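**Q** Got a sequence here, can you build the structure:
(2 chains)
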Amino acid sequence: MNALIISAVWGIVMMFSGIFTKNKSTVRSIAIAGILILIVANSLDLQGGYHINIDTKNQLDFGTFGLLFNSIAFICTLIYFLLSGKDIENVGVNVAEYFALIFFVLCGVSIATSFNTLLMLFLGIEIISIPLYILTGSNKRNLKSTEASLKYFLMGAFSTGIMLLGIAFLYGASTTGTFFIEEIGIGKSSLSPLFIVGLLLLLISMSFKVSAAPFHFWTPDVYDGAPTVFTSFMATIVKSALFIAFIRLFHNSFGEIQPKWQIFVAIIIAATLFIGNLTAVFQQSVKRMLAYSSIAQAGFMLFAILTINPVAQDGILLYATAYSLATIGIFAILVKMKDRSFEGFNGLAKHHPVLAATNTIFLLSLSGIPLTAGFFAKYYMLMAALKMGQFLWLVVFAVLCAAVSIYYYFRVIQAMYFKDGEPQELQVSSSFKILLIIVAAIIILLGIFPQLLLDKMNILYM
Amino acid sequence: MIPVLLIVIPLIGGLTGFFIKNGKSARDWSLIASLVTLVVSVVGLTVEKNSASLQFDGEWLPALGSSFAVGLDGLGQILTLLTALSFPIIFIATYRDEYKNANNFYALMLLSQAGLMGVFLANDALLFYFFWELALIPVYFLCSQWGGEKRIQATFKFFVYTFVGSLLMLVGIIYLYLHTADHSFSIKSFYDLNGRIPVADQTWLFWLLFIAFAIKMPIFPFHTWQPDTYEQSPTATTMVLSGIMVKMGLFGILRWLAPVLSTGTWVWGDTASALCIIGMIYASLIAIKQDDLKRLVAYSSIAHMGLMCLAIFGTTQTGLQGVMIQMFNHGINIIGLWIVVDLIERQFHTRKISELGGLAQKSPALAILLVIVALANVALPLTNAFVGEFLMFSGVFSSAATKYNVVFTVAASISIILSAVYTLNMIQKVFFGNTNALTEKAKDIYLNEKIILVVIVIAIIIVGVYPKPMLDITRESVDAILSKMNLKQ
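**A** Here you go, the predicted model:
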């Protein structure tokens, strides 16, 4: 609860900071201070110190799993602020508002990871989504940004409608008339059509939110149109948070009737992996490639929904961390680039060896090469699926798709190292480079000892 | 402790290599590091078997059932010795090659050595997979950065091929892991699985693992990456690829496939053998037609690897012993051939057989040494390859694991005849006959190159005449593997 309240309050603080100071770096410092406070507040939550507490009638349940993910999300946001904070200032004039909106998103994240009723799920997802619509359109003079914002809003509103409908159906199907996720699915030995329709509608709307195929069509346009700094935030922290909400919902509400809906998820996974990877191959812009890559990565994360066993729960945390860190890093570098096509990266290794080397580590992590966190992320997902015993075809298919992903990730590496390009004048400070090296080091450290992250969780569980 | 040193020395050597700015010092530094590794490896040979210094078991990921377990047995000793010996040879033989950013080149070479050592030493399946991939990454960068004109496409094809294979292998490994009694990746738990996995599962599990190894060797029809990659890579890397890396495939079968999925291996033995034979004859025929020296050696390598793989599926003691010896011999011989190709290319800037001729008159030392290496490649008696191939042929012929042993032996020996055709043809055209305008000004080779070729020739002849020490080293491993392989259903 600490983090939830503080993030909402700090969002308001940020809004007012824009009135009192016009100095952009002061605003950024306030934001960084806020995120540090959030991290501390959340670790207090983790230790059981609920200093600020409001009785929600058990509508919110702050379990370790959700709180641990909040920590990951907040730390990733801190890294994001430190790496890309300067670039947020360059988007437009209303810097304070951008930071405020990000804090509101974080508030939504803490609800979405800890909801106990479908109402709270709905609230959390809406609190995440609405600021994002604004952030997507924040570059007001850019037509693409505005178009993306409108598109995102329409599609988002549409999927929210579907979600509400699903929730209503589930409410109608429950014998006692309840929104509590743990009670919806209980005693469903024979499933009523109402219940099944509700479940499928929720599945579809959640797939919309995490951009799983065939509900992914908004993703490339929105990610491409939004200012690159905000794409970075949307594609990583927000997406991971939605996955946590997704898994929480399906684990608690529909876990017992898993065999009934598994096949739908399996088909969604296969479609997501196939479309995401194959379309990414044909992209000419790195930003668009990353948008499709985020769809492809979502395909792997969906394995956690398919299996919902403890391995998958460990795995999704690791996956969220590995994927977010690597993608934030790549986006931070991408923002600095002048030419955002693959050719723009030509010869980067020669002129900016640190950027190239760290970018290579991020890309290797996304491709799932051992010694990087991305390997263990994929490893856990495969392990979870194989442990279940069924869907071997899906595992083999996923693995082949992972091999396809090599193609587009390595195109960047090839451009940086093996092709010659014009020297580029990039504005990179040495602190930016050091931070990139730290992020790369974390990725490698997690790639050798994934337990560092997971053990902490297991200890906390006990 | 010795296995750890074998991994750590090249690893640290490589990592420090990145920071040595001067290319020449980086080269000397790498040479020293590789020589130290060789010394450690030789010391490892002298240590008594089953001694504690040959094993190491450190904690790594207890929650996943994986540990940093490395150890040396006979099979590992042969291959680590080959790895340890090859790198100094490669560094000395290519001592005069100039590279852009030489420090990175040598650093990556040493890192690939560390990866290779890890593959041959790992006693834990997850660790094995780690090193399997880690050996690949430096080689990818080496080939893409310092290779020939079409290097990027060629290497990329190579990378994607092997990556698909290794991911399939990962699925197989995880599946096996989930079936171990104590949920552990240790080799002991994997060997305990033998006979406990249902036959129906073994039949498809076999392919998950076998494809990874077949791509690496390569076995027909997974071989198409190989000639392009060998041709486009810098010669030093080609030596690593063809001398050592291809052995990872054979090693994988011997250590992780045949003893674990013995029934699967038995069920698919004939199919795999048939693929090996097709590859051998097919590659030999293409080799006859090649005009490019590098491609010729590349195809000849496919043929030789096919025979070794065939002998494994024969499942006999003589055959397996032949495979183990031949893995070492093939590594030495093919590195010798590459050195010769490199020398020719550096002097004449061409690899076309048709443009060369009469080299023997101008560089007699090179000619003599090449003829010996080439004859070893054809497995003439008194050379090392004869011992290996003879054992393998006799193994395949006497095999009880297949009904088609005679067919396989006859078909495989055709490829030996074909190998004589292309090898002798190459010698004749390149070294004998009349000199032309290009070869008229040829000079003989330098001292360091002579020394290295002499070392290789000595190794060829010693093993050819007196193979007993090698047979002794490998005997125990052969028996251990055979005891786990299923001869009959």
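
**Q** Where does the prediction get shaky in the stretch 301-450 of chain B?
**A** Counting by pLDDT under 70, the stretch 301-450 of chain B shows no low-confidence range.

**Q** Quick check: what element follows the longest helix seen in chain B along the chain?
**A** Of all segments of type helix in chain B, defined using DSSP state H, the longest is helix B:317-348. Sequence-wise, the next helix or strand downstream of helix B:317-348 (DSSP states H and E) is helix B:359-362.

**Q** which parts of the stretch 1-150 of chain B sit against chain A?
**A** Taking CB under 8 Å from any CB of the partner chain, the part of the stretch 1-150 of chain B that reaches chain A is made up of B:L61, B:P62, B:A63, B:L64, B:Y129, B:F130, B:E133, B:L134, B:I137, B:F141, B:S144, B:Q145. All C-beta spots, glycine's among them, are computed from the backbone N, C-alpha and C.

**Q** filter these to the buried ones?
**A** B:L61, B:L64, B:Y129, B:F130, B:E133, B:L134, B:I137, B:F141, B:S144, B:Q145 (16 or more other CB atoms under 10 Å in any protein chain shown).

**Q** from the residues you listed, which single one is nearest B:T37?
**A** Closest approach between these and B:T37, by CB to CB: B:L134, at 16.4 Å.

**Q** What residues does the closest residue to the closest one other than its chain neighbours make contact with?
**A** The shortest distance from B:L134 to any non-neighbouring residue, by CB to CB, 6 or more residues apart in numbering or on different chains, is to B:G115 (4.0 Å). Contacts for B:G115 (CB atoms under 8 Å, 6 or more residues apart in numbering or on different chains) come out as B:F131, B:W132, B:L134, B:A135, B:L136, B:I137, B:P138.

**Q** Share the number of residues neighbouring the fifth one, please.
**A** In this case it means B:L136. Applying other CB atoms under 10 Å in any protein chain shown, we find 21 other residues in the vicinity of B:L136.

**Q** in the longest helix of chain B, what's buried?
**A** Buried residues in helix B:317-348 (16+ other CB under 10 Å): B:318-344, B:347-348.

**Q** which residues sit in contact with the closest residue to A:T117 other than its chain neighbours?
**A** Distance criterion CB to CB, 6+ apart; nearest residue to A:T117, sequence neighbours excluded, is A:F179 at 4.0 Å. By CB under 8 Å, 6+ apart, the residues touching A:F179 are A:T117, A:L118, A:L119, A:I167, A:Y171.

**Q** what's A:F179 sitting at in phi/psi?
**A** phi -100, psi -10 (degrees, to the nearest 10).

**Q** Only alpha carbons, please: show stretch A:79-98 as PDB.
**A** What follows is stretch A:79-98 as a C-alpha-only set of coordinates in PDB (Å, rounded to 0.1, in the frame of the first residue of the first chain):
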ATOM      1  CA  ILE A  79      17.200   3.000 -14.700                       C
ATOM      2  CA  TYR A  80      14.900   4.400 -17.400                       C
ATOM      3  CA  PHE A  81      14.900   7.800 -15.800                       C
ATOM      4  CA  LEU A  82      18.600   7.900 -15.400                       C
ATOM      5  CA  LEU A  83      19.300   6.700 -19.000                       C
ATOM      6  CA  SER A  84      16.600   8.500 -20.800                       C
ATOM      7  CA  GLY A  85      15.500  11.300 -18.500                       C
ATOM      8  CA  LYS A  86      17.300  13.900 -20.500                       C
ATOM      9  CA  ASP A  87      15.500  12.700 -23.600                       C
ATOM     10  CA  ILE A  88      12.100  13.000 -22.000                       C
ATOM     11  CA  GLU A  89      12.900  16.700 -21.600                       C
ATOM     12  CA  ASN A  90      13.400  17.000 -25.400                       C
ATOM     13  CA  VAL A  91      10.000  15.600 -26.300                       C
ATOM     14  CA  GLY A  92       8.100  18.800 -25.600                       C
ATOM     15  CA  VAL A  93       7.600  21.700 -23.200                       C
ATOM     16  CA  ASN A  94       5.500  20.000 -20.500                       C
ATOM     17  CA  VAL A  95       8.200  18.000 -18.900                       C
ATOM     18  CA  ALA A  96       6.700  17.900 -15.500                       C
ATOM     19  CA  GLU A  97       3.500  16.400 -16.900                       C
ATOM     20  CA  TYR A  98       5.300  13.600 -18.600                       C
END
